[in-house]
Every structure is written in structure tokens, then in C-alpha cells.
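Asker: Task: produce atomic coordinates for the following.
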Amino acid sequence: MNRIRAAGALLGVGFGFLLSWGQFIDPDRIRDMLLLRDSYMWLMFAMAVAVGFVGLRLLRRAGARAALTDRPVSWVTARPERRHVTGAVIFGAGWAVSDVCPGPVAAQLGQGIAWSLPLLVGMFLGINLFLRRQEHAAREPERVSVGGALPASNPE
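Answerer: Residues are numbered from 1 along each chain as shown. I've put the predicted structure just below:
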């Protein structure tokens, strides 16, 4: 497990470097993208998606295994649900207001950019709120009404 964490840390540092080098942490650049004034970031996103799409499919077809876990390269495709749309709207609203998404916030923090701190606090508050909501939903008994009666509790 330590080997996986170390690899994750190294990949995270490398990803942060690439975000900085590619100007993905610059709020002005992000704003210009969101206002459709500059296509640079849209083209970079499109290329990343294309490379990932083709590369992962080629790896899966070849029967490749993950370098760190030795598991086969595979995935399950889920149908979009309401929660996905809701999450996308919240993510997009946060991106539009702050001119940054989570990856660049970490890169900004690594560069010592002060405005990344309130954004980071907001991200952690949002994550904490989500996790608390999930916990609450897991503790609450399922409420299925059949003829006005609640189901008996499960003794497990």
C-alpha cells in the first residue's frame, strides 16, 4: 500500500507541474476559456480525452494489467443519473465563480498562491458535507410505504 501511495504522490506532483506549465492554474486563462474567448484549454481538454479514450481501449483490448496493482485494465459504464447532473451543475457553478477546479487549486497551493486557500477550504467543506449526507442516508432506515405501514426493521 505504501508503494501505491508513493506512486500516487509522485503522479500528483507531476500532474501539478503539468497543470502549471500548461497554464491551467491561471484564473485569467480559465475565465477566457469559460467565456469562449480562447480555445487553448478546450483544445487541450479535447486532446486529453481523445488520448485517454483511445489509449485505455487499446490497453484493455491488449489485456494489459495495472503497473501497481496488477489488476486488468477495465471499467464499468454507468448510465447517467440525476446525482451526476446535480454534481456537474455544482462543479460547474463553483468553477465559474472561482475560475478554477480542484486540480489547479492544489497546484496553486503548491506554488504558494494565497487565493487558493479559501478555495481549498471550500472544497473540503463541500466534501465534508457530501460525506456527512452519505453517512446520514446510510443510517436512516429505508422508508417504503406499503398501505401506510413502514417495513419492519432488519435485525442484522
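
Asker: Ignoring the adjacent residues along the chain, who's closest to the spatially most central residue of the chain?
Answerer: Nearest residue to the geometric centre of the chain (Cα atoms, centre = their mean): P102, 7.6 Å. Once flanking residues are discounted, P102 sits nearest to M123: 5.8 Å by Cβ to Cβ, 6 or more residues apart in numbering. Placement of C-beta: from N, CA and C, glycine included.

Asker: Tell me how many other residues crowd that neighbour.
Answerer: Per other Cβ atoms under 10 Å, the neighbour tally for M123 reads 18.

Asker: ok so it is a helix residue?
Answerer: Yes: counting by DSSP: H, G, I helix; E, B strand; the rest coil, M123 is part of a helix.

Asker: Okay, and the nearest residue to T69 once chain neighbours are set aside sits in which element?
Answerer: Nearest non-adjacent residue to T69, counting by Cβ to Cβ, 6+ apart: I4, 7.1 Å away. Here I4 is covered by helix 2-21, with elements defined by DSSP states H and E.

Asker: residues in contact with the strand or helix carrying G94?
Answerer: Assessed by DSSP H and E, G94 sits inside helix 82-98. Under the criterion Cβ atoms under 8 Å, 6 or more residues apart in numbering, residues P27, I30, L34, C101, L119, G122, G126 lie in contact with helix 82-98.
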